[in-house]
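Asks: Coordinates for the following, if possible.
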Amino acid sequence: MAEITLSDLLAWEPRLRPSPGIDGLAAGGGGSARSGPTAAVGPDAEREVTWAVTARATTPMLPPLRGGELVLLPRRMLTEAGVALPMLMRELAGHRVAAVVLEAAPPSGTGGGPPVLLASPTTPELESDVNRLLTERRGELYRAGTELERVLADLTTAGADLGRVVATAATALGLPVAVLDARGAPLAASGPDAVPPATIQSQGAAGWRGLPRADRLTVELAPGGTLWLGPVPPARRALARLVGQRVAVAAEAALARVAQAAPRGAARAAALRALLSAPPAETADAGARGAGLGLPAGATYRVALAPGEMAPTTLQRVLGSLGMVHEAGVRDGQAAAVIEGRPDPPSLGERARRAGAAADHAAPSARAAPPGPSSTWLAISGPTTGPGGLPGAGREARYVAALLAAGLVPGPVARFEVLNDLGPFRLLYPLWGTPALDAFAAEALADLADPKRDRRGTLRGTLLAYLDTGGSHVEAATALGIHRNTLSYRLKQIATLTGRDPTDSGSRLVLHLALLASALPPDRATAVSTNGSGP
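Replies: Numbers count the residues shown, from 1 in each chain. Next comes the predicted model:
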């Protein structure tokens, strides 16, 4: 890769500007020689510049040329030498010069030679200034590259993780830095602006990418990912090119250490299951643990739970269309998996809607009682970004699984964030397992919550059926299979035990929420932590 290119020189030396039609060259200050959304750094812009020389009217017109020279052709020299410009341009093209500098745009039909830059006038001072600039910048680049290489070598020796490598490189360069996996998901990034949008990622091979101008440098990594530097200002492109490969080597070393240390097979599944059972508040630690398991930092995740007897191959087949499925083993009789995929997979939503269609359109009498436990179900958490959110997603999935297993919501598929799947139980989730919710249910239900006063739960079932039918005596009696007089008698008993008349519209909401809260299965994780034990 070239040390200093024409695009670098144009960004540093404001007296030079590209002639119209030069492929991908940008004028000093960042202006593009092209316009439109497809402007990019073309082959002309990437020509290497080694030195500047000025042609003379006397023989020899130029010193020996070795390639990469910037040749200044003053107008007076061309007039005195009597040399036709097209012939001279063809001659210079054979010597692989970087570009020629003219005082005015060449006439049409002068193509076929090296790129043309413009400067007025092309004085001897311009030659010396350009050469001084090239010398100074080469020294600066050498010093910056050497220092960064030393810092990266120290990080590699110390076994630094990928995040630290990326952050250190970004600070040293003053540029955004990111590492993406083979699917384009961020593994580490110095900030949100470091992660390129999908439109830029899809532009093709490594090198300069970006719209409207190519301002991001990419380097392919051995494990299959990509290092991204940028957006890079024009004046810092040379530095980015120089150190890009060095940062890539340090990133590859960090990725190799993660791959070697990461558990595999059953050990990885067990570690992932332990991560799902961690307290949701431990986001930072969960993020680090997830990165150690090879989970991309910026990916979207869901947690899925199913009955433990479901074969892993079956779970993979059911969830495979939603993204990459990571098995998380079986615990407490439930098979767990982490789905790495799209934020809102439509196939899952359609599947859930089809599964619940019968319950949604059933007659009121069929929906008056709880749907009943099911031996086959699938509980899905809401989406979360990054492995740091997996403990919280794991708790959401456990909540949905508890509702499905207890028959409190229709299945067989239920998603946490879908209101039609969870109904009012989603509202109760933040209070799940808290003393405040237990106290609310106990106060609202009063003696009705005492098993001795309602041994078989007949009165609670009657109250729920009555409330589910919107206070209709006819529909509730039909759903329960009892006479309306029997229903009226039970409602009076309920009013006596609770101190609240269920036929009064002002009491129904409190009684309904209290019934739902009392029906919630216990939050095992909360109970365990309260007792001082680990999950």
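Asks: in the protein, which helix or strand is least confident?
Replies: Lowest on mean pLDDT, DSSP states H and E among the helices and strands of the chain sits helix 364-367, with a mean of 31.
Asks: mind listing what residue 254 touches?
Replies: Neighbour list for residue 254: 156, 160, 161, 162, 164, 165 [criterion: CB atoms under 8 Å, 6 or more residues apart in numbering]. Placement of C-beta: from N, CA and C, glycine included.
Asks: Can you name the next helix or strand after the least confident helix or strand of the chain?
Replies: Downstream of helix 364-367, the next assigned helix or strand under DSSP states H and E is strand 378-380.
Asks: who does that next one pair up with?
Replies: strand 300-307 (antiparallel), strand 413-415 (parallel) (DSSP bridges).
Asks: out of the ones you listed, which comes closest to residue 85?
Replies: strand 300-307 (59.4 Å; CB to CB).
Asks: Give me the distance from the strand or helix carrying residue 169 to the chain's centre.
Replies: Assessed by DSSP H and E, residue 169 sits inside helix 162-173. On the basis of CA atoms, centre = their mean, to the nearest Å, helix 162-173 is displaced by 19 Å from the centre of the chain it belongs to.
Asks: What lies in contact with the helix or strand just after that helix?
Replies: Moving toward the C-terminus from helix 162-173, the next helix or strand (DSSP H and E) is strand 177-180. Strand 177-180 is contacted from outside by 162, 166-167, 169-170, 186-190, 194-196, 201, 221, 225-229, 247, 251, 255, using CB under 8 Å, 6+ apart.
Asks: Distance from the helix or strand following strand 177-180 to the middle of the chain?
Replies: Next helix or strand after strand 177-180 toward the C-terminus (DSSP H and E): strand 186-189. Distance of strand 186-189 from the chain centroid (CA atoms, centre = their mean) equals 8 Å.
Asks: next helix or strand past strand 186-189?
Replies: Criterion used, DSSP H and E; the element after strand 186-189 is helix 198-201.
Asks: For the helix or strand following that following helix, enumerate the helices and strands it packs against.
Replies: Using DSSP H and E, the helix or strand that directly follows helix 198-201 along the chain is strand 207-209. Secondary-structure packing of strand 207-209 (3 or more CB pairs under 8 Å, 6 or more residues apart in numbering; DSSP states H and E): strand 216-220.
Asks: redo that, cut-off 10 Å
Replies: If you count contacts as 3 or more CB pairs under 10 Å, 6 or more residues apart in numbering; DSSP states H and E, strand 207-209 packs onto helix 198-201, strand 216-220, strand 226-229, helix 237-261.
Asks: per-residue confidence at the residue nearest to residue 415 when sequence neighbours are not counted?
Replies: By the measure of CB to CB, 6 or more residues apart in numbering, the closest residue to residue 415 outside its immediate chain neighbours is residue 380, 4.5 Å from it. For residue 380, the pLDDT comes out at 95.
Asks: what sits opposite residue 380 in the beta ladder?
Replies: Note on residue 380: beta-bridge partners by DSSP bridges are residue 304, residue 415.
Asks: count of residues packed around it?
Replies: Using other CB atoms under 10 Å, residue 380 is surrounded by 31 other residues.
Asks: these two touch, right, it and residue 398?
Replies: No: in this structure residue 380 lies outside contact range of residue 398 using CB atoms under 10 Å: 11.7 Å.
Asks: show me what contacts residue 64?
Replies: Counting by CB atoms under 10 Å, 6 or more residues apart in numbering, residue 64 touches 53, 95.
Asks: That one belongs to a helix, doesn't it?
Replies: No: read with DSSP: H, G, I helix; E, B strand; the rest coil, residue 64 is coil and lies in no helix.
Asks: any idea how far it is from residue 49?
Replies: Relative to residue 49, residue 64 is positioned 17 Å away (CB to CB, to the nearest Å).
Asks: Any buried residues in the helix or strand where residue 460 lies, and which?
Replies: Under the criterion of DSSP H and E, residue 460 resides in helix 458-468. Residues of helix 458-468 classed as buried: 459, 460, 461, 462, 463, 464, 465, 466, 467, 468 (neighbour count, 16 or more other CB atoms under 10 Å).
Asks: again with stretch 161-170
Replies: For stretch 161-170, by 16+ other CB under 10 Å, it's 161, 162, 163, 165, 166, 167, 168, 169, 170.
Asks: tell me which element the residue nearest the centre of the chain falls in.
Replies: Central residue of the chain (CA atoms, centre = their mean): residue 298, 2.9 Å from the mean position. Under DSSP H and E, no helix or strand contains residue 298.
Asks: circling back: how close does the residue nearest to residue 415 sit to residue 303?
Replies: For residue 380, the distance to residue 303 - CB to CB - is 8 Å.
Asks: do the same with residue 57
Replies: 79 Å.
Asks: neighbour-wise, which of these two wins?
Replies: For residue 57 and residue 303, the more surrounded residue by other CB under 10 Å is residue 303, and the numbers stand at 31 against 14.
Asks: right, and the more buried one touches residue 387 too?
Replies: No: checked against CB under 10 Å, the pair residue 303 and residue 387 is beyond contact range at 11.2 Å.
Asks: so what sits against both of those two?
Replies: Common neighbours of residue 303 and residue 387 (CB under 10 Å, 6+ apart) are 272, 275, 338, 393.
Asks: Now for residue 148, how many residues are close by?
Replies: Residue 148 has 20 nearby residues by other CB under 10 Å.
Asks: Residue 513 too?
Replies: 18.
Asks: correct me, but it touches residue 423?
Replies: No: Residue 513 is not in contact with residue 423 according to CB under 10 Å; the separation is 11.6 Å.
Asks: returning to what we had before: winner for burial among the helices and strands packed on strand 207-209?
Replies: Burial of the helices and strands packed on strand 207-209 is given as mean neighbour count (mean count of other CB atoms under 10 Å); strand 226-229 ranks first at a mean of 25.
Asks: Direction included, what does that strand pair up with?
Replies: Checking strand 226-229 against DSSP bridges gives partners strand 177-180 (antiparallel), strand 216-220 (antiparallel).
Asks: would CSV of the ones you listed with distance to residue 106 and mean pLDDT be doable?
Replies: Shown next, in CSV, are these (distance: least, CB to CB, whole Å; pLDDT from 0 to 100):
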stretch, distance to residue 106, mean pLDDT
strand 177-180, 41, 92
strand 216-220, 32, 93
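Asks: Roughly how far does the spatially closest residue to residue 51 that is not a sequence neighbour sit from residue 131?
Replies: The shortest distance from residue 51 to any non-neighbouring residue, by CB to CB, 6+ apart, is to residue 69 (5.4 Å). Distance, residue 69 to residue 131, by CB to CB: 11 Å.
Asks: circling back to that earlier point, which strands or helices does the helix holding residue 460 pack on?
Replies: Against helix 458-468 (3+ CB pairs under 10 Å, 6+ apart) you get helix 364-367, helix 435-445, helix 473-480, helix 484-498, helix 505-519.
Asks: what angle separates it from helix 473-480?
Replies: 130 degrees (axes from the mean of the first three to the mean of the last three CA atoms, to 10 degrees).
Asks: Outline the domain layout of this protein.
Replies: 6-122, 133-261, 265-426, 435-519 (automatic domain parsing).
Asks: average model confidence for the lengthiest helix in the chain?
Replies: Longest helix in the chain by number of residues, with DSSP state H as the criterion: helix 124-158. The average pLDDT within helix 124-158 is 95.
Asks: circling back to that earlier point, ok, now how distant is the residue nearest to the centre of the chain from residue 388?
Replies: Taking CB to CB, one finds residue 298 at 11 Å from residue 388.
Asks: One more: residue 341?
Replies: 17 Å.
Asks: between those two, which one's more packed in?
Replies: Legend: neighbour count by other CB under 10 Å for residue 341 and residue 388, higher for residue 388 (23 against 20).
Asks: just checking, the more buried one touches residue 299?
Replies: No: Residue 388 lies out of contact with residue 299 (CB under 10 Å); the separation is 11.4 Å.
Asks: Could you export the strands paired with strand 378-380 as a markdown table, including mean pLDDT and distance to residue 146?
Replies: Below are those laid out as a markdown table (pLDDT from 0 to 100; distance: least, CB to CB, whole Å):
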| stretch | mean pLDDT | distance to residue 146 |
| --- | --- | --- |
| strand 300-307 | 93 | 40 |
| strand 413-415 | 94 | 54 |
